[in-house]
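Visitor: coords below, sequence missing:
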């Protein structure tokens with residue numbers, strides 16, 4: 001057990017923090033939603049109704065979408081682009097291990113040993129996974145947003161309704177998306193630039209403390 005915790009501590013702690021924050025969002029969101037319902041003279045909802053409703057779906061997917069999009073984009077950019085001195089970049093002057101051609105050898109993942117189109121997909125499986133997660137959350141954001149918009153229309157006695165595709169063409173949908181996307185790219189851009197000059201001893205996201213600023217780390 002001690003070895004398991006040591007070997008998987010980072011993912012376990014991140015999963016635990018994610019679960020706690022998501023749970024907090026759920027309870028606070030439920031309270032906020034019911035307060036708005038009371039203010040508009042509408043019935044409140046139970047926890048089960050809230051977690052399966054449009055308000056929770058839209059709010060959650062709106063944020064997941066931006067995270068997955070940022071990671072997909074960043075992974076692709078780091079294949080071709082460089083930032084000298086950044087711990088988040090490859091060295092622009094040297095060939096790196098991640099660029100070498102895969103060889104079938106003992107212990108290699110099975111797609112490498114199989115070769116062909118399976119290997120071609122596996123070579124880009126990380127970016128493809130984030131792309132699929134982004135597209136799924138992007139769509140679910142639109143589903144939840146359209147449902148929330150239609151619920152709001154009904155509550156105010158209006159007849160106008162939108163489909164999921166129709167909601168994706170509204171300024172409200174893109175405002176919700178873009179306000180999250182810009183913050184994600186600001187965060188990852190800050191990490192790229194700040195890791196040139198600043199250090200965090202012991203972190204994989206930092207260069208060694210005594211490394212020159214112009215030296216690419218990671």
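Guide: Received, thanks. Just so it is clear, the structure is predicted and the values come from calculations on it, not from any experiment.

Visitor: so which helix or strand takes in residue 29?
Guide: helix 2-39 (DSSP states H and E).

Visitor: I meant to write residue 146 there.
Guide: helix 125-155.

Visitor: helix 2-39 and that helix, what's the angle between them?
Guide: 20 degrees (axes from the mean of the first three to the mean of the last three C-alpha atoms, to 10 degrees).

Visitor: Three-state assignment for the closest residue in space to residue 214 that isn't next to it in sequence, please.
Guide: Computed as C-beta to C-beta, 6 or more residues apart in numbering, the closest residue to residue 214 that is not its neighbour in sequence is residue 85, at 4.9 Å. Every C-beta, even on glycine, is put in place using the N, C-alpha and C of the backbone. Here residue 85 is recorded as coil under DSSP: H, G, I helix; E, B strand; the rest coil.

Visitor: residue 85 reaches residue 216, doesn't it?
Guide: Yes: Residue 85 lies in contact with residue 216 (C-beta atoms under 8 Å); the separation is 6.1 Å.

Visitor: the worst-scoring helix or strand of the chain on mean pLDDT: which residues count as buried?
Guide: Least confident helix or strand of the chain, by mean pLDDT, DSSP states H and E, is helix 110-114 with a mean of 91. Residues of helix 110-114 classed as buried: 111, 112 (neighbour count, 16 or more other C-beta atoms under 10 Å).

Visitor: cool, stretch 23-41 as well?
Guide: Quick answer for stretch 23-41 (16+ other C-beta under 10 Å): 26, 29, 30, 33, 34.

Visitor: likewise for stretch 45-57?
Guide: 45, 50, 53, 54, 55, 56, 57.

Visitor: which residue is the nearest non-sequential neighbour of the fourth one?
Guide: Of all residues beyond its chain neighbours, the one nearest residue 54 is residue 147 (3.3 Å), with distances taken as C-beta to C-beta, 6+ apart.

Visitor: rewinding a little: mind putting the buried residues of stretch 45-57 into TSV with pLDDT?
Guide: Putting the buried residues of stretch 45-57 into TSV (pLDDT from 0 to 100) gives the following:
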residue	pLDDT
45	95
50	96
53	94
54	95
55	95
56	96
57	97
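
Visitor: in a markdown table, list these along with distance to residue 171.
Guide: Converted to a markdown table, the buried residues of stretch 45-57 look like this (distance: C-beta to C-beta, whole Å):
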| residue | distance to residue 171 |
| --- | --- |
| 45 | 28 |
| 50 | 27 |
| 53 | 23 |
| 54 | 19 |
| 55 | 20 |
| 56 | 23 |
| 57 | 20 |
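
Visitor: closest to residue 21 out of those residues?
Guide: residue 56 (13.9 Å; C-beta to C-beta).

Visitor: residues in contact with that closest one?
Guide: 26, 29, 30, 33, 50, 144 (C-beta atoms under 8 Å, 6 or more residues apart in numbering).
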